[in-house]
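K.L.:
build me a model from this:
(one chain, ligands or ions: 1)
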Amino acid sequence: MFISPYTVHRHPAFWNEAEEFRPERFAGVDAKERHRFAYIPFSVGPRHCIGENMAMFEMLVHVNRMVRRFRLTRLGDEPIELEAQINLRPRSNLMMQVTER
Ligand code: HEM
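P.N.:
Residues are numbered from 1 along each chain as shown. Prediction:
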């Protein structure tokens, strides 16, 4: 049996305007009322990712350190094509300009 996180993460039963970048959907009432299996990047159940907490902490630290010090601006404005590998990624490199804050 295969469960597609891509589909679950965009299912209108769980997400409003799923394609929009709205990080606030992960906070507050929205997040509390959502089905507990609606967001499963680390899978769920007995074989779910053993590194979940470490990965989340690592990402928080990296993003926090980066955005405090640098501003990242995307170069180019062509639509970003997605490529489904083990995880979902942009098909081509995303060129960014890094400036110090
Ligand atoms: C963003 C980072 C990560 C994502 C999205 C992720 C995602 C996943 C997913 C979806 C699974 C379940 C695979 C399955 O269904 O069989 C998994 C399993 C696993 N992950 Fe991660 N993972 C991440 C980071 C890490 C890190 C940092 C570690 C170790 C330090 C780790 C160690 C493992 C291990 C050992 C399993 C196998 C667990 C088992 O089969 O009992 N992962 N991961």
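
K.L.:
quick one: secondary structure of residue 83?
P.N.:
strand (DSSP: H, G, I helix; E, B strand; the rest coil).

K.L.:
how about the residue lying closest to it once chain neighbours are set aside, what does it touch?
P.N.:
Excluding the flanking residues, the one nearest residue 83 by Cβ to Cβ, 6 or more residues apart in numbering is residue 91, at 4.3 Å. For glycine as for every other residue, the C-beta is placed from the backbone atoms N, C-alpha and C. Residues near residue 91 by Cβ atoms under 8 Å, 6 or more residues apart in numbering: 80, 81, 82, 83.

K.L.:
roughly how far does residue 91 sit from the ligand?
P.N.:
Plainly put, residue 91 is 19 Å away from the ligand if you go by Cβ to the nearest ligand atom, to the nearest Å.

K.L.:
could you measure from that residue over to residue 85?
P.N.:
Counting by Cβ to Cβ, to the nearest Å, the separation of residue 91 from residue 85 is 10 Å.

K.L.:
re earlier: out of the contacts of residue 91, which one sits closest to residue 39?
P.N.:
Nearest to residue 39, judged by Cβ to Cβ, of the contacts of residue 91 is residue 82 at 18.3 Å.

K.L.:
residue 89 is in contact with that closest one, correct?
P.N.:
Yes. The pair residue 82 / residue 89 is scored as a contact, 7.2 Å apart, by Cβ atoms under 8 Å.

K.L.:
tell me the residues of this structure that contact the ligand?
P.N.:
41, 42, 43, 47, 48, 49, 50, 51, 54, 55 (Cβ under 6 Å from any ligand atom).

K.L.:
biggest separation within these, which pair?
P.N.:
Going by Cβ to Cβ, the pair spanning the residues of the chain next to the ligand furthest: 47 and 54, at 16.8 Å.

K.L.:
the more surrounded of those two?
P.N.:
When residue 47 and residue 54 are compared on other Cβ atoms under 10 Å, the one with more neighbours turns out to be residue 54, at 10 against 7.
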